[in-house]
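1. take this sequence and fold it.
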Amino acid sequence: MNLDEFITVLTGNPHAALHLMLPDGSFVPAHFHATEVGRVQKDFIDCGGTRRSTSACVLQVWVADDTGHRLDTTKLAKVIQIGAPLFPSLAIPVEVEYEQGAVSQYPVQQAEVTPSGVLLHLGSKHTACLAQDRCGVGAVETTCCPTPGCC
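-> Numbers count the residues shown, from 1 in each chain. As a prediction, the model looks like this:
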């Protein structure tokens with residue numbers, strides 16, 4: 001889900017409760033805080049030598065002992081509005097950063113409006129070879145990258 005779609009869901013459902021469902025179907029505790037909103041930019045060279053760049057809006061959530069705390073759609077929309085100068089474009093994906101044993105980032109796949117509030121379905125991120133055509137991924141060879149100069 002891109003930031004513009006995300007903001008539309010938040011502002012279209014004022015004061016609704018927020019629920020974050022992790023990829024395994026479990027939930028981030030309802031008393032989570034949004035401690036950061038940021039634009040994360042990653043510039044890199046893939047194993048085939050191609051220069052690439054990605055960016056995302058990352059919302060860091062954190063769970064404290066204050067179980068009476070509840071972040072609703074209006075409060076989160078205000079936090080994002082404060083961070084708006086960080087985003088030259090709203091056409092970037094939204095991810096949630098959450099620590100449960102390890103810090104992980106989960107792309108927001110969809111928002112579902114339910115009788116109990118807005119349910120954000122979080123997906124998984126995966127690694128992949130971005131230069132499969134140059135590295136021979138899927139080839140019979142036993143090495144990762146049989147092409148000379150690759151990897």
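2. how many residues are close by the closest residue to residue 29 other than its chain neighbours?
-> In this structure, residue 29 finds its nearest non-sequential neighbour in residue 63, 5.0 Å apart by CB to CB, 6 or more residues apart in numbering. For the C-beta atoms, the positions are set from N, CA and C on the backbone; glycine is no exception. By other CB atoms under 10 Å, 16 other residues sit near residue 63.
3. ok, residue 78 next?
-> 11.
4. does it belong to a helix or a strand, and which?
-> Assigned by DSSP states H and E, residue 78 belongs to helix 73-82.
5. buried ones in the next helix or strand after that helix?
-> Sequence order places strand 94-99 as the next helix or strand after helix 73-82, per DSSP H and E. Buried residues in strand 94-99, counted by 16 or more other CB atoms under 10 Å: 94, 95, 96, 97, 98.
6. over to stretch 96-112?
-> Within stretch 96-112, the residues scored as buried using 16+ other CB under 10 Å are 96, 97, 98, 104, 105, 106, 107, 108, 111.
7. rewinding a little: closest to residue 126 among the buried residues of strand 94-99?
-> Residue 126 lies nearest to residue 95 out of those, by CB to CB, at 13.4 Å.
8. mind checking pLDDT for that closest one?
-> The per-residue pLDDT reported for residue 95 equals 98.
9. what packs against the host helix or strand of residue 39?
-> Residue 39 is located in strand 32-45, with elements delineated by DSSP H and E. The contact analysis (3 or more CB pairs under 8 Å, 6 or more residues apart in numbering; DSSP states H and E) places strand 32-45 against strand 51-63, helix 73-82, strand 94-99.
10. columns distance to residue 43 on top of these, output as CSV?
-> CSV is the format used below for these (distance: least, CB to CB, whole Å):
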stretch, distance to residue 43
strand 51-63, 5
helix 73-82, 24
strand 94-99, 17
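11. any idea how far stretch 120-138 is from the chain center?
-> Relative to its chain's centre, stretch 120-138 lies at 16 Å (CA atoms, centre = their mean, to the nearest Å).
12. tell me the spacing between residue 23 and residue 88.
-> According to CB to CB, to the nearest Å, residue 23 and residue 88 sit 29 Å apart.
13. which one of the two has more residues nearby?
-> Between residue 23 and residue 88, residue 23 has the larger neighbour count (other CB under 10 Å), namely 14 against 9.
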